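Participant: Sharing a model prediction with you, sequence too.
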Amino acid sequence: MTLGSFARKARRAAPGVTAIMLATIATGCSAGCSASISVGRDKAGGTYSNHGVSFTIPKGWRRLSDLTIQTKSGSEIWSEGFAAEPGYDLVGVTAYATKIVVTRKNAKKVAPQVAATMRNLFAAAGGRVLNGPIVTSLRGMAGYRFETTFPGQSGDMLESRLLLVWNGHTEYFFNCQHRAGSSLSAEIEHGCGTIESSFKLD
């Protein structure tokens, strides 16, 4: 299944939450997407500040300077990837424009719709949702956490811890993924915590 057909399936299933899944598939280069990932020459670690947000880049990590993703979604505003080494073990941070707005008041009500979309889309990609949605918040923005697994284009099974939070119609999507059994799993989880805990709107 191509990413384009994945997007069309998502729009039929739940038009308001189409953007939720596409970052997972694109960042992980699964479901037929075309991506090229390499670590750039930027200074390791430090602070990322752009697109109206800022957060700490884990020590020793670099911004992925060559992250090319083919998608027909059209709702992506920006996307960045960070990793200690090139490959599938990385943290992706993406902003999407969405039709829905999730707040602390409606998060529980919207959760079943988001959960159904996630289950259907991961199943279509040959993966599954292991846990979630767990209603949560980040810097006052409401959203959800999920744990998922799906096959990467390399043949490896990828495990992702996902965080989705909304600021109005902008969804901030954190994809903390690593290959199942990867020696970098613990580092990805730690780095993901650093990025999420330091994330703020400028």
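Facilitator: All right, it came through fine. In this text the structure is predicted, and so the values were computed from the model without any measurement.
Participant: now the helices for this protein?
Facilitator: Ranges of helices in the chain, per DSSP state H, are 3-13, 18-28, 107-124, 185-198.
Participant: Residue ranges in this protein under the pLDDT threshold?
Facilitator: Applying pLDDT under 70 to the chain flags residues 1-44, 65-74.
Participant: Grab the most central residue of it for me.
Facilitator: A centroid search over the chain (Cα atoms, centre = their mean) returns residue 175, at 3.1 Å, as the residue closest to the centre.
Participant: Dig out what that residue forms beta bridges with.
Facilitator: Beta-bridge partners for residue 175, by DSSP bridges, are residue 92, residue 162.
Participant: Quickly note the distance from residue 101 to residue 170.
Facilitator: 9 Å (Cβ to Cβ, to the nearest Å). Every residue, glycine included, has its C-beta placed from N, CA and C.
Participant: neighbour-wise, which of these two wins?
Facilitator: A direct count of neighbours by other Cβ atoms under 10 Å for residue 101 and residue 170 places residue 170 higher, at 18 against 15.
Participant: didn't the more buried one look like it was pressed against residue 77?
Facilitator: Yes - look at residue 170 against residue 77 with Cβ atoms under 8 Å: they come within range, at 6.9 Å.
Participant: Quick check: neighbours shared by those two?
Facilitator: Counting by Cβ atoms under 8 Å, 6 or more residues apart in numbering, the common neighbours of residue 170 and residue 77 are 95, 96, 97.
Participant: so which of the residues you listed comes closest to residue 58?
Facilitator: For the shared contacts of residue 170 and residue 77, the residue nearest residue 58 by Cβ to Cβ is residue 95; the value is 20.1 Å.
Participant: Show the contacting residues for that closest one.
Facilitator: Residues counted as contacts of residue 95 (Cβ under 8 Å, 6+ apart) are 51, 53, 76, 77, 78, 79, 170, 171, 172, 173.
Participant: I'd like to know which of these are buried.
Facilitator: Listed as buried from those are 53, 76, 79, 170, 171, 172, 173; burial here means 16 or more other Cβ atoms under 10 Å.
Participant: Near the closest residue to residue 164 other than its chain neighbours, how many other residues are there?
Facilitator: Nearest in space to residue 164, with sequence neighbours left out and distances taken as Cβ to Cβ, 6 or more residues apart in numbering, is residue 143 at 4.6 Å. A count of nearby residues for residue 143, using other Cβ under 10 Å, gives 28.
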